[in-house]
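Engineer: turn this into a model:
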Amino acid sequence: MKYYSLNHKAQNVSFQEAVIQGLASDRGLYFPETLTPLDSAFFDSIANLSNEEIAFQAIKQFVGDEIPENILKEIINETLCFDFPLVEVEKDIYSLELFHGPTMAFKDVGARFMSRCIGYFNKDKKDYKSTVLVATSGDTGGAVANGFLGVKGVDVIILYPSGKVSDIQERQLTTLGQNIKALEVDGFFDDCQDMVKKAFLDPDLKHKNLTSANSINIARWLPQMFYFFFAYKALKKQNKPLIFSCPSGNFGNICAGIIAKKMGLPIEHFVASTNVNDTVPRFLQNGIYDPKSSKATISNAMDVGNPSNFIRIQEMYQNDLEQFKKDFSSYTFSDEETIAAMKSIYKIAGYISEPHGAIGYLGLKKELNNHQNAIGIFLETAHPIKFLDTVEPALNVQLPIPIQIESVLEVEKVSVKIKIYEDLKAFLIV
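Structural biologist: As a prediction, this is how the structure comes out:
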């Protein structure tokens, strides 16, 4: 499998090169040259397959022969070491819980897969050192830190916006030590992401062997398609159209879902549910892609003004807006609407949702008005404990502290404050 840059000004590369480089030399995101639909027999028998078998069949065309099949299966087994339960909160409306991994966020899947791929590629490189550079608006940092903790030959540098992630999210990326370093940026997520992209193309940093663990990296992004297959497996016997609503910030999840659909997974429609950072909903209304500076909300992991992965989605529809709209809708919701949805879900089902999942629920409810006899699934992307300052007062509940979180609460935060790109560059060069 070869990968090309979506800016079309860089050479095509292998899977390994795309993973190690993260971003193409022309600043473009990598995209697979070919996308082969899976055999219909796979979908006919999917209910009899394990999650690991499903994931292997889904990902193997993108890896090719660059990782031996037995090693790839080991990587998948280590990645999928937790459950992905569907919880029915209303008739034909399900929450797909993606937060049962070690850092209690959906990004554990991509981070674990990517870290193990890089570990394999580096295994025979004596004295080789690479630096994973990642921007986070919330959960990416913790998942990447956990996934790469102690990985030989890899340093991890995490940039996060000061005061704009929850306390628990911040602790998960600032307390691990070892090969993990956290940089606290005076700005927004978009500022962090811009610094990371600039560093990749800085010739003075070439010796640092930089790569990204954001969803711009194919090894972080592609495995996110797995849970769409898992949900289909669980609901196939109901024989109804499936509508997926993804709370969307950088649009990695929904982009991976569309990849799964292009591979033949029977998904009727996608909903990108956003907070007030509404670049994509506005685009669907007027056909003009006009990113704006991000605004801070209670669903902070979605505070993204210029979602990186949207260009990959456009590529899959050949930039044909009318074809795109047949498969895709996008709606925007305020903090007030989000709180009201959390309360409604709790009152109806006794189910505790956090702000991102609640926005997914709102978008799903709105879209289901356009689909008869369909099943709706909204992605619950992080455990409510990560947003207890919002969840507890909104629902008048006290959340028990999960074991995965207890370990970081009493550890002292360690971070370095920076303001501009030159501060990042100086930190990396030292």
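Engineer: helices along the stretch 1-150 of the chain, start to end?
Structural biologist: 15-21, 40-44, 51-63, 69-79, 107-122, 139-148 (DSSP state H, counting those that start in this stretch).
Engineer: which SS class is residue 156?
Structural biologist: strand (DSSP: H, G, I helix; E, B strand; the rest coil).
Engineer: that one is in contact with residue 146, isn't it?
Structural biologist: No - contact criterion CB atoms under 8 Å: residue 156 and residue 146 do not qualify, at 10.1 Å. All C-beta atoms are positioned from the backbone trio N, CA, C, and that covers glycine.
Engineer: the two - which one has more neighbours?
Structural biologist: For residue 156 versus residue 146, neighbours defined as other CB atoms under 10 Å are more numerous around residue 156 (25 against 22).
Engineer: any idea how far residue 197 is from that one?
Structural biologist: 17 Å (CB to CB, to the nearest Å).
Engineer: ok, now residue 329?
Structural biologist: Using CB to CB, residue 329 is found at 29 Å from residue 197.
Engineer: could you do residue 34 as well?
Structural biologist: Residue 34 is 26 Å from residue 197, by CB to CB.
Engineer: so for the two, which residue has more residues nearby?
Structural biologist: residue 197 (18 against 8).
Engineer: in a strand, that one, correct?
Structural biologist: No - counting by three-state DSSP, residue 197 is not found in a strand; it is helix.
Engineer: quick one: pLDDT of it?
Structural biologist: With respect to pLDDT, residue 197 has a value of 85.
Engineer: residues touching it, list them.
Structural biologist: 23, 27 (CB atoms under 8 Å, 6 or more residues apart in numbering).
Engineer: ranking the helices of the stretch 1-150 of the chain by burial, who's on top?
Structural biologist: helix 139-148 (a mean of 29; mean count of other CB atoms under 10 Å).
Engineer: pLDDT of that helix, averaged?
Structural biologist: Here the average pLDDT along helix 139-148 is 80.
Engineer: my guess is residue 96 contacts residue 376. True?
Structural biologist: No - contact criterion CB under 8 Å: residue 96 and residue 376 do not qualify, at 10.4 Å.
Engineer: and the strands in the stretch 301-430 of the chain, which stretches?
Structural biologist: Applying DSSP state E, counting those that start in this stretch to the stretch 301-430 of the chain gives strands spanning 328-332, 375-380, 416-418.
Engineer: parallel or antiparallel, list what pairs with the second one.
Structural biologist: Strand pairing for strand 375-380, determined by DSSP bridges: strand 93-97 (parallel), strand 242-247 (parallel).
Engineer: ditto for the last one
Structural biologist: The pairing partners recorded for strand 416-418 under DSSP bridges are strand 180-185 (parallel).
Engineer: so the partner strand versus helix 139-148, what angle?
Structural biologist: Taking axes from the mean of the first three to the mean of the last three CA atoms, to 10 degrees, strand 180-185 and helix 139-148 form an angle of 160 degrees between their directions.
Engineer: got the buried residues for strand 180-185?
Structural biologist: The neighbour-count check on strand 180-185 (16 or more other CB atoms under 10 Å) flags 180, 181, 182, 183, 184, 185 as buried.
Engineer: what residues does it touch?
Structural biologist: Contacts for strand 180-185 (CB under 8 Å, 6+ apart): 141, 145, 148-149, 155-162, 173-174, 191-192, 195, 414-419, 424, 427.
Engineer: follow-up on the earlier one: select, out of the helices of the stretch 1-150 of the chain, the one closest to residue 386.
Structural biologist: helix 139-148 (7.2 Å; CB to CB).
Engineer: what's that closest one packed up against?
Structural biologist: helix 107-122, strand 130-135, strand 154-161, helix 167-174, strand 180-185 (3 or more CB pairs under 8 Å, 6 or more residues apart in numbering; DSSP states H and E).
Engineer: excluding its own residues, what touches it? List them.
Structural biologist: Residues beyond helix 139-148 that count as contacts (CB under 8 Å, 6+ apart) turn out to be 101-103, 105-108, 110-112, 114-115, 118, 132, 134, 136, 154, 156, 158, 160, 165, 169, 172-173, 176, 179-180, 182, 213-215, 301, 381-382, 386.
Engineer: number of nearby residues for the nearest residue to residue 271 once chain neighbours are set aside?
Structural biologist: In this structure, residue 271 finds its nearest non-sequential neighbour in residue 245, 4.0 Å apart by CB to CB, 6 or more residues apart in numbering. Per other CB under 10 Å, the neighbour tally for residue 245 reads 30.
Engineer: contacts only, for residue 245.
Structural biologist: Counting by CB under 8 Å, 6+ apart, residue 245 has contacts 270, 271, 273, 360, 361, 363, 364, 367, 376, 377, 378, 379.
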